[in-house]
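Novice: Just need the structure, nothing else, for what follows:
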Amino acid sequence: MNAVLANPDSACPAALLADQEVLEVRHVGFDGTEHTGTLEVHRSVADDVADFFRLALDTRFPIEQVVRASEFGWDDPRLMAANCSSGFNFRTVAGRPSLSMHAFGLAFDVNTRQNPFIRRRATDDGPVETIEPEGASFDPDAPGTLTDGHPLVQFLVDRGWTWGGHWTLDADGVVDYQHFEKRLAPGERDGLYERYGLPNP
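Specialist: Purely as a prediction, here's the structure:
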C-alpha cells in the first residue's frame, strides 16, 4: 500500500498529505543482515533522505527498523520505545502548540533508543532533565549512535539539514540526537503554514 495516511484525529490538510512521498529503503539491522523499511517524507527532501539511507547501507550503519508513523498509530512515545526510524507524522512539538517539522514531512528520526531525546525543564526545585524513550542512554561508542562529525550527520548538514544533537540544553532546552530536520529560513516556516492553510500559533 503506497497511499500516505494521516492521523484521523488530526486536521492534516489534504494538500500537505499529497506532498508526502513514500520511500522504501534498504538498511542493515543490528543482526547484521539487510532489511527493507518504509517511511514518508515531503517530496522536496525525498532525494536527501533516500541518499542518507543509501549511505547508511553502504557504511553498514545499523538501523533497528524503518517504519511509517501510522504503523504505530502516530504515537511518538511508542515509536521511540520501539527504536523506530520514521519521518512524516502530523503532530505538534513535544510540550508546545507549534507543529513539529515531522508534521510537514521535513524531519525524520533515526534509532531513537541509541539516540535519545533529552529535555530540561524548570521546576520549583530547580531544573529537571528527562530522557526519552524511558531507559535509553546516549553512548557515543555504541553501534547505531549518531555523533558530531559522524559521516551520516555531516552528509545531511552539508545538504542544509539541522541535526538535533547540535542543540544544547543550556541554549535550546533540548538535545535530540535522533532528529534531523531540513533547515529553513525564518520566513519559510511561516510560509509553510500559509501554503497549507494552517493556523500559525
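Novice: Check for me that E194 belongs to a strand.
Specialist: No. Assignment of E194 by DSSP: H, G, I helix; E, B strand; the rest coil gives helix, placing it outside any strand.
Novice: the helices in the protein, which residues?
Specialist: 14-18, 46-58, 76-81, 151-158, 169-172, 186-195 (DSSP state H).
Novice: Can you check which of those helices gets nearest to V67?
Specialist: Minimum separation from V67 across those (C-beta to C-beta) falls at helix 76-81, 7.5 Å. Any C-beta I mention is one placed from the backbone N, CA and C, and that applies to glycine too.
Novice: Low-confidence bits of this protein, can you list those?
Specialist: Using pLDDT under 70 as the threshold, the predicted model of the chain has low-confidence ranges 1-2, 95.
Novice: now the helices of the chain as JSON lines including distance to A69?
Specialist: Putting the helices of the chain into JSON lines (distance: least, C-beta to C-beta, whole Å) gives the following:
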{"stretch": "helix 14-18", "distance to A69": "13"}
{"stretch": "helix 46-58", "distance to A69": "14"}
{"stretch": "helix 76-81", "distance to A69": "6"}
{"stretch": "helix 151-158", "distance to A69": "20"}
{"stretch": "helix 169-172", "distance to A69": "24"}
{"stretch": "helix 186-195", "distance to A69": "19"}
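Novice: and those as a markdown table, adding distance to A107 and mean neighbour count?
Specialist: Written out in a markdown table, the entries for the helices of the chain read as follows (distance: least, C-beta to C-beta, whole Å; neighbours: other C-beta atoms under 10 Å):
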| stretch | distance to A107 | mean neighbour count |
| --- | --- | --- |
| helix 14-18 | 14 | 14 |
| helix 46-58 | 10 | 17 |
| helix 76-81 | 12 | 19 |
| helix 151-158 | 11 | 16 |
| helix 169-172 | 15 | 10 |
| helix 186-195 | 12 | 12 |
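Novice: how far away is F61 from N115?
Specialist: When C-beta to C-beta, to the nearest Å is the yardstick, F61 and N115 sit 12 Å from each other.
Novice: actually P62, not the one I wrote
Specialist: P62 is 12 Å from N115, by C-beta to C-beta.
Novice: higher neighbour count, these two?
Specialist: Just comparing P62 and N115: by other C-beta atoms under 10 Å the higher neighbour count belongs to N115, 26 against 17.
Novice: Identify the bridge partners of the nearest residue to L106 once chain neighbours are set aside.
Specialist: Spatially, and ignoring its direct neighbours in sequence, L106 is nearest to K182 (4.4 Å; C-beta to C-beta, 6 or more residues apart in numbering). K182 has the following beta-bridge partners by DSSP bridges: W161.
Novice: Mind checking the helices of the chain for the one nearest to F104?
Specialist: Using C-beta to C-beta, the helices of the chain put helix 186-195 closest to F104, at 5.6 Å.
Novice: Show which residues not belonging to the closest one make contact with it.
Specialist: Helix 186-195 is contacted from outside by A15, L99, F104, L184, L198, P199, N200, using C-beta atoms under 8 Å, 6 or more residues apart in numbering.
Novice: surely the third one meets S44?
Specialist: No. Counting by C-beta atoms under 8 Å, S44 is not a contact partner of F104; they are 9.5 Å apart.
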